[in-house]
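**Q** I'd like to go over a predicted model; first the sequence, then the structure.
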Number of protein chains: 2
Amino acid sequence: VGPGLLGGSVHLAVRAAGLGCHRVAVGRNPQRLQLALDADAADEVTTDFATALDGADLVVVCTTIGSFPAIFERMAPHLPGGCVVTDVGSTKQVVVGQARRLLGRSTQFVGAHPMAGGEKTGVQYARADLFDRATCIVTPTQSSPRSAVARVEAFWRTLGCRVIRMTPAAHDRAVATVSHLPHAAAACLMRLADRSGHLDLAGAGLLDMTRIASGDPDLWVDIFATNRRSVVASIDRFVRELTALRDAIDGDRRRRVRRLLDEPRQARDAWIDRRYQRDEVEP
Amino acid sequence: VGPGLLGGSVHLAVRAAGLGCHRVAVGRNPQRLQLALDADAADEVTTDFATALDGADLVVVCTTIGSFPAIFERMAPHLPGGCVVTDVGSTKQVVVGQARRLLGRSTQFVGAHPMAGGEKTGVQYARADLFDRATCIVTPTQSSPRSAVARVEAFWRTLGCRVIRMTPAAHDRAVATVSHLPHAAAACLMRLADRSGHLDLAGAGLLDMTRIASGDPDLWVDIFATNRRSVVASIDRFVRELTALRDAIDGDRRRRVRRLLDEPRQARDAWIDRRYQRDEVEP
């Protein structure tokens, strides 16, 4: 559902994995559906959920999370028995709750968040290897049928993902710190640098630090809105860290400033080494 | 003075520009001076300032700013009349004051900050094109002789820099926002992400945003210490921006959140376009 960068890449990766599936793309926009066909990112396209879900084994919801409630409502009457549903949404507590409420308790929904993508959106950027070595967090709940969890995890592994299982709440807390807070920080840094009137003096450092601020604002409004509590807590912790560094600089406490810079430097170097060993490629 | 990444690159660029200078590298460490000779980043090396400055036309101080006072003191007795002195220090008000006090009022010192470098330090990483298209901020004062300002600006232009003239105070305010604040933010983000225990979930976004946190902590302690007031003011502004976004998220004010994300997105896109047009290369 949703023939964009992620939906298209799911279909291209399914084909590349040789699963022999019949791949149906469903969306609202006939032109984008045609693009999906042109990119070989679907065997069949339709705007109609009844057609799309007829005989479906697995549904992957790949739209922006703001449209999930409407899509779940339209899917619900047409879901075949035994069909498993997963998604690619960037937050999980709200999504899992919506699925339970709108798809019905008997539906085999298992939330997922493959951490892949980019600033460029649209099926024309879809790639068969988008999920290769990406981390995919799968978020079952106590009521998720084991067989559905196993199928969803196997599916993401087949597309190349490293699968990690977490509760929806633990997922949302973790990504607030490592993904949502960096986005908030990038946007605020970019605002300040722009207003300073000295952007022409900025170099690669600021360029790299604000890259993610080019992301789609509507997508990020939805992410922040559906992970409000954890994002707010992360920003609060970040403000406390910044204030500690600010106070150490202001008080000319050089040893403390050094420690506040050296610890993250060492943590980053160790992180890079671990990534290098894991992926055997320069990160 | 200082045969490292910047000092070595100055000498390599001088040679590449065909200026026909006799290039003398002065430093404390004989092994590093030998590396400079091996890299063709000097015609002559010495640990002695009297030898190094004998007959010198132009001195470029390329050590970390923390060592500037000691170096200015050692240089002062040996500076030939008419010799112009410049530097590559990342902050300018403190440095310009130290030069005036320690080199003597009659010395023709004109501060400079070529915005080039990288996380890797050492003369073995020096490159003749390090300054190519880099911005170099030159910071004369009212007492700087015009001829010295002209010579220093011409020198940095010859190495490939785009030269911009600012007062030391204006320089320090500008780089606090576009360079020093991003470093503080990168260090704090990295600390939080490391402590969260979920670094393994982080992707290219956090990797890019924390790249500059790998920089030499001693260098940054000096930068923050010599630009204290502007850095503290920048962190305070950043905290106010973050708090505004936090409050909008917390209050579920979606239109305001969208605006706080969309304005920096547009500002960044416009910045990228300007860079592209200026440099005619993908930034």
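**A** The structure has been received and is ready for your questions. Residues are numbered from 1 along each chain as shown, chains lettered A, B, ... in the order given.

**Q** contacts and neighbour counts: CA atoms only from here.
**A** Fine.

**Q** who's in contact with stretch A:55-70?
**A** A:1-4, A:6-7, A:53, A:79-80, A:82-90, A:95, A:98-99, A:102, A:219, A:222-223 (Cα atoms under 8 Å, 6 or more residues apart in numbering or on different chains).

**Q** residues in contact with A:L79?
**A** Here A:L79 is in contact with A:L53, A:D54, A:A56 (Cα under 8 Å, 6+ apart).

**Q** Quick one: neighbours of the residue nearest to A:Q93 when sequence neighbours are not counted, just the number.
**A** Leaving aside its chain neighbours, A:Q93 sits nearest to A:P168 (4.9 Å; criterion: Cα to Cα, 6 or more residues apart in numbering or on different chains). The criterion is other Cα atoms under 10 Å in any protein chain shown. On that basis, A:P168 has 22 neighbouring residues.

**Q** wait, isn't A:P168 in contact with A:Q142?
**A** No. With the criterion set as Cα atoms under 8 Å, A:P168 and A:Q142 do not qualify as a contacting pair; they are 10.9 Å apart.

**Q** other SSEs contacting the helix or strand bottoming out on mean pLDDT in chain A?
**A** Comparing helices and strands within chain A by mean pLDDT, DSSP states H and E singles out helix A:204-209 as the least confident, with a mean of 90. For helix A:204-209, the helices and strands in contact under the criterion 3 or more Cα pairs under 8 Å, 6 or more residues apart in numbering or on different chains; DSSP states H and E are helix B:181-196, helix B:204-209.

**Q** ok and the residue in the stretch 1-150 of chain A nearest chain B?
**A** Nearest residue of the stretch 1-150 of chain A to chain B: A:T135, at 6.7 Å (Cα to the nearest Cα).

**Q** ditto for chain A
**A** Nearest to chain B in chain A, going by Cα to the nearest Cα, is A:M209, at a distance of 4.2 Å.

**Q** which non-adjacent residue is nearest that residue?
**A** B:M209 (4.2 Å).

**Q** now the one you found: how far from A:A174?
**A** In this structure, B:M209 lies at 17 Å from A:A174, with Cα to Cα, to the nearest Å as the measure.

**Q** out of the two, which sits in the busier spot?
**A** Set side by side, B:M209 and A:A174 give different neighbour counts by other Cα under 10 Å, the larger being at B:M209 (28 against 22).

**Q** So A:A112 sits against A:Q93, correct?
**A** No. The pair A:A112 and A:Q93 fails to qualify as a contact (Cα under 8 Å) at a distance of 11.0 Å.

**Q** Same drill for the two, tell me which one is more crowded.
**A** For A:A112 against A:Q93, the residue with the higher neighbour count under other Cα under 10 Å is A:A112, and the figures read 32 against 17.

**Q** which ones are touching that one?
**A** Neighbour list for A:A112: A:T86, A:D87, A:V88, A:G89, A:K92, A:C136, A:I137, A:V138, A:T139 [criterion: Cα under 8 Å, 6+ apart].

**Q** Look up the residues forming beta bridges with the last one.
**A** I take that to be A:T139. A:G111 (DSSP bridges).

**Q** Now for it, how many residues are close by?
**A** For A:T139, the tally of surrounding residues (other Cα under 10 Å) stands at 25.

**Q** Also the first one?
**A** The tally of other residues near A:T86 (other Cα under 10 Å) stands at 26.

**Q** Also A:R255?
**A** Applying the criterion other Cα under 10 Å, we find 12 residues in the vicinity of A:R255.

**Q** can you check A:S143 too?
**A** 12.

**Q** Do you have the strands of the stretch 101-250 of chain A handy? List them.
**A** Counting by DSSP state E, counting those that start in this stretch, residue ranges of the strands within the stretch 101-250 of chain A are A:108-109, A:111-114, A:135-139, A:162-165.

**Q** export these to TSV and tack on mean pLDDT?
**A** Rendered in TSV, the data for the strands of the stretch 101-250 of chain A read as follows (pLDDT from 0 to 100):
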stretch	mean pLDDT
strand A:108-109	94
strand A:111-114	97
strand A:135-139	96
strand A:162-165	96
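
**Q** for the ones you listed, which one sits closest to B:N29?
**A** When the strands of the stretch 101-250 of chain A are ranked by distance to B:N29, counting by Cα to Cα, first place goes to strand A:135-139 at 46.6 Å.

**Q** hmm, stretch A:249-259 in reach of chain B?
**A** Yes. For stretch A:249-259, a contact with chain B is found by Cα under 8 Å from any Cα of the partner chain, at A:I249, A:D250, A:D252, A:R254, A:V257, A:R258.

**Q** can you give me the helices in the stretch 51-200 of chain A?
**A** When secondary structure is read from DSSP state H, counting those that start in this stretch, the stretch 51-200 of chain A shows helices at A:68-75, A:93-103, A:146-158, A:168-175, A:181-196.

**Q** a markdown table for those helices, including mean pLDDT?
**A** Formatted as a markdown table, the entries for the helices of the stretch 51-200 of chain A read as follows, by pLDDT from 0 to 100:
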| stretch | mean pLDDT |
| --- | --- |
| helix A:68-75 | 97 |
| helix A:93-103 | 95 |
| helix A:146-158 | 97 |
| helix A:168-175 | 97 |
| helix A:181-196 | 97 |
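
**Q** what's the most buried one of those?
**A** helix A:181-196 (a mean of 24; mean count of other Cα atoms under 10 Å in any protein chain shown).

**Q** what angle do that helix and helix B:181-196 make?
**A** For helix A:181-196 and helix B:181-196, the angle between their directions (axes from the mean of the first three to the mean of the last three Cα atoms, to 10 degrees) works out to 170 degrees.

**Q** Let's see the PyMOL selection covering just the buried ones among the contacts of A:L79.
**A** Restricted to the buried members of the contacts of A:L79, where burial is judged by 16 or more other Cα atoms under 10 Å in any protein chain shown, the PyMOL selection command reads as follows:
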select buried, chain A and resi 53+56
